[in-house]
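In: build me a model from this:
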Amino acid sequence: MISDKRIFKLFKQCLSRALIALSLACQIPSLQGVCHADDVADRPNIIFILADDLGYGDLSCFGQKNFSTPRIDRLAEEGMRLTNHYAGSTVCAPSRACLLAGQHTGHVYQRFNGNVQFRPDPDDRTVARLLKDAGYATAMIGKSGLSCTSEDGSLPNRKGFDHFFGYVSHGAAHRYYPEQLWRNGAPVGYPGNHGKSGAQYSGDLFLADSLQFIERHKGGPFFLHLSLQQPHADLAVPLKWKEPFLGKYDETPFEGGHYRAESHPKATFAGMVTFLDHTVGKVIDKLREVNVSENTLVIFSSDNGAMSEGGWSRRYFNSSGPLRGGKRDLYEGGIRVPTIAWWPGKVAPGSESPHVSAFWDFLPTVCEIIGVQTPSNIDGISYLPTLLGKGMQQTHAYLYWEFYEQGGKQAVRMGKWKGVRLDVSKNPYGALELYDLEEDLGEAHNLVLDHPDVASRLEELMRAAHTDSEIVSFAKRSKRRSQ
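Out: Okay, the predicted model is just below:
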């Protein structure tokens, strides 16, 4: 018969071994910070607010003079402007894929607008899946970046988002008065809406849902990807947002077509950006209201450069600022986007960083923030040292983009040098344009003849960065109309 003393000794040995095992488990990178509920709760909330087709010069804190964006300006005053930050692509679906998957368009699966969506896990693993596995409540509200022309309303939930409310088809997301949205795999109808007009504005619906999500999960940690439509065409906004600008600009009415008719395109555009500004302000107000602002990182950006569609021209208000081109270009105006990081007590107020970064850097930044191992098959580099102003900031050897419309295009940035190749479908080894972005931000002077060695190096990088895709190629791409 075992004595009481012997039983107690065995119990102590078992307890000691269990504690050692638990300690070792907590040292595994993929489990760091997940071992105790208190540790999880102490992790910061993360919000990524993404505008649609907002140009580099469309915010007053980035130079816009025709209207103001006071709430986003305040975000910049209290946080950091990232002046060398790039979108994943020059159109929406591939750009958003780069953000969520941590890969550039030479590697990511969803690298074009068309009939494409993320594949089931473990393929196309998203930042939401990593956060969910680490104990975060996750939500995507607005325009899904996981598909372009899909009607699979439950896809976001299967890709790591606990909660999804919005559009899964980017064609449907052209409309601001939806007849139907998706909520966690179930269709939600709006019988008072007719697409181009109606009673319930999608931006109001998405803002209300976002504030409810923050309220429900204020105990944290949570990840909210608020993926907005403004200022993508249709040009549409409730009258109270447009009204302050009526009569302020010389207008050329748009008669309509695929996009809705609009008698005052300039006033409507200004109202749409003002609504966007209001939405950002309301999110920040909610964080302060529930006392989580100092434990929340907010990043604001745009999915690509300024558009010229639906009665709008990016030239009206100089939407690209000092940059050349806009949406569907791989010049700076198509891919360099206005980006702000806000994290009270962590990100220095009123700061600015020229660190060269891109959408595919968001995923590894999140991994560093929450202490999980960064996946090996990504192209990104964490920019957390830049945000915090401490530690060694690793830099990219180069950034790369490819685009399959308008004859096919490629671009690469290496330090101050930018290479652009057009008509890739006709000639994959055609002439390269070369620009010195430090001296020529507007990409007006092609220096390829002056620096053939640099051009040759950029051509090598283009070849190395591109991997063949099973679903699209420069020689033959989807015939579906771009969204």
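In: after the helix or strand harbouring Leu75, next one along is what?
Out: Counting by DSSP states H and E, the element that carries Leu75 is helix 70-77. Using DSSP H and E, the helix or strand that follows helix 70-77 in sequence is strand 80-82.
In: check which residues of that following strand are buried.
Out: For strand 80-82, burial by neighbour count (16 or more other C-beta atoms under 10 Å) applies to Met80, Arg81, Leu82. In short, each C-beta sits where N, CA and C put it, glycine included.
In: list just the nearest of these to Ala172.
Out: Taking C-beta to C-beta as the measure, Ala172 sits nearest to Leu82 out of these, at 30.9 Å.
In: quick one, phi psi at the residue nearest to that closest one when sequence neighbours are not counted?
Out: Nearest residue to Leu82, sequence neighbours excluded (C-beta to C-beta, 6 or more residues apart in numbering): Thr339, at 4.2 Å. Here is the backbone geometry of Thr339 (degrees, to the nearest 10): phi -140, psi 140.
In: and for Thr339, the neighbour number?
Out: Look at Thr339: counted by other C-beta atoms under 10 Å, it has 23 neighbours.
In: which residues touch it?
Out: When contacts are counted by C-beta atoms under 8 Å, 6 or more residues apart in numbering, Thr339 touches Arg81, Leu82, His85, Ile299, Phe300, Ser301, Ser302.
In: any idea of the mean pLDDT in stretch 257-266?
Out: Mean pLDDT, computed over stretch 257-266, is 97.
In: do the same with stretch 183-190
Out: 98.
In: any buried residues in it, and which?
Out: Buried residues in stretch 183-190 (16+ other C-beta under 10 Å): Tyr190.
In: could you do stretch 101-121 as well?
Out: 101-114, 116-118.
In: chain center to that stretch: distance?
Out: Counting by C-alpha atoms, centre = their mean, to the nearest Å, stretch 101-121 is centred 14 Å from the centre of its parent chain.
In: how about the CA coordinates for that stretch, as CSV?
Out: Provided in CSV are the C-alpha atoms of stretch 101-121 (Å, rounded to 0.1, in the frame of the first residue of the first chain):
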residue,chain,number,x,y,z
ALA,A,101,-1.7,36.8,-48.1
GLY,A,102,1.6,38.6,-47.7
GLN,A,103,2.8,38.0,-51.3
HIS,A,104,3.4,40.3,-54.2
THR,A,105,1.7,39.8,-57.6
GLY,A,106,4.5,37.7,-59.0
HIS,A,107,3.6,35.0,-56.4
VAL,A,108,0.0,35.5,-55.1
TYR,A,109,-2.7,33.3,-56.5
GLN,A,110,-5.3,36.0,-57.0
ARG,A,111,-3.2,38.3,-59.2
PHE,A,112,-5.9,39.8,-61.6
ASN,A,113,-9.4,41.1,-61.7
GLY,A,114,-11.8,38.4,-62.9
ASN,A,115,-13.2,35.0,-62.1
VAL,A,116,-10.9,34.2,-59.2
GLN,A,117,-11.0,33.7,-55.5
PHE,A,118,-8.8,32.4,-52.7
ARG,A,119,-8.4,28.7,-52.5
PRO,A,120,-9.3,26.6,-49.4
ASP,A,121,-6.8,26.4,-46.5
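In: related to what we said a few turns ago, same list, the buried residues of strand 80-82, but as a markdown table with distance to Arg43 please.
Out: What follows is the buried residues of strand 80-82, written out as a markdown table (distance: C-beta to C-beta, whole Å):
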| residue | distance to Arg43 |
| --- | --- |
| Met80 | 21 |
| Arg81 | 25 |
| Leu82 | 23 |
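In: shaky segments in the chain?
Out: For the chain, applying pLDDT under 70 flags the ranges 1-39, 41, 477-483.
In: mind redoing it with 90?
Out: In the predicted model, the chain carries pLDDT under 90 at residues 1-42, 475-483.
In: OK, contacts around Thr296?
Out: Thr296 sits next to Pro44, Asn45, Ile46, Ile47, Leu287, Trp343 when contact means C-beta under 8 Å, 6+ apart.
In: so of those residues, which ones are in strands?
Out: The strands, defined by DSSP state E, take in Asn45, Ile46, Ile47 from the contacts of Thr296.
In: can you tell me the element the residue lying closest to Val188 once chain neighbours are set aside falls in?
Out: Sequence neighbours aside, Leu181 is the residue nearest to Val188 in space, at 4.9 Å (criterion: C-beta to C-beta, 6+ apart). Leu181 is part of strand 180-183, with elements assigned from DSSP H and E.
In: quick check: neighbours of the next helix or strand after that strand in the sheet, parallel or antiparallel?
Out: Per DSSP H and E, strand 180-183 leads on to strand 186-189 as the next helix or strand towards the C-terminus. Strand pairing for strand 186-189, determined by DSSP bridges: strand 180-183 (antiparallel).
In: so is the nearest residue to Trp360 once chain neighbours are set aside in a helix, a strand, or just coil?
Out: Spatial nearest neighbour of Trp360, chain neighbours left out: Gly380 (4.1 Å); criterion: C-beta to C-beta, 6+ apart. Taken by DSSP: H, G, I helix; E, B strand; the rest coil, the conformation at Gly380 corresponds to coil.
In: who touches Gly321 in this structure?
Out: Going by C-beta under 8 Å, 6+ apart, Gly321 touches Gly55, Tyr56, Gly57, Phe62, Gly63, Gly333.
In: if we use 10 Å, what do you get?
Out: Residues near Gly321 by C-beta atoms under 10 Å, 6 or more residues apart in numbering: 55-59, 62-64, 305-306, 314, 332-333, 336, 338, 441-442.
In: go on, Ser263?
Out: Leu246, Glu251, Thr252, Pro253, Phe254, Glu255, Gly311.
In: farthest pair in those?
Out: Leu246 and Glu255 (18.8 Å).
In: of those two, which one has the most company?
Out: Set Leu246 next to Glu255 and count neighbours by other C-beta under 10 Å: Leu246 wins out with 16 against 8.
In: quick one, what contacts the residue nearest to the more buried one when sequence neighbours are not counted?
Out: Of all residues not flanking Leu246 in the chain, Ala267 sits nearest, at 5.0 Å (C-beta to C-beta, 6+ apart). Ala267 is in contact with 67, 235, 237, 241-249, 251, counting by C-beta under 10 Å, 6+ apart.
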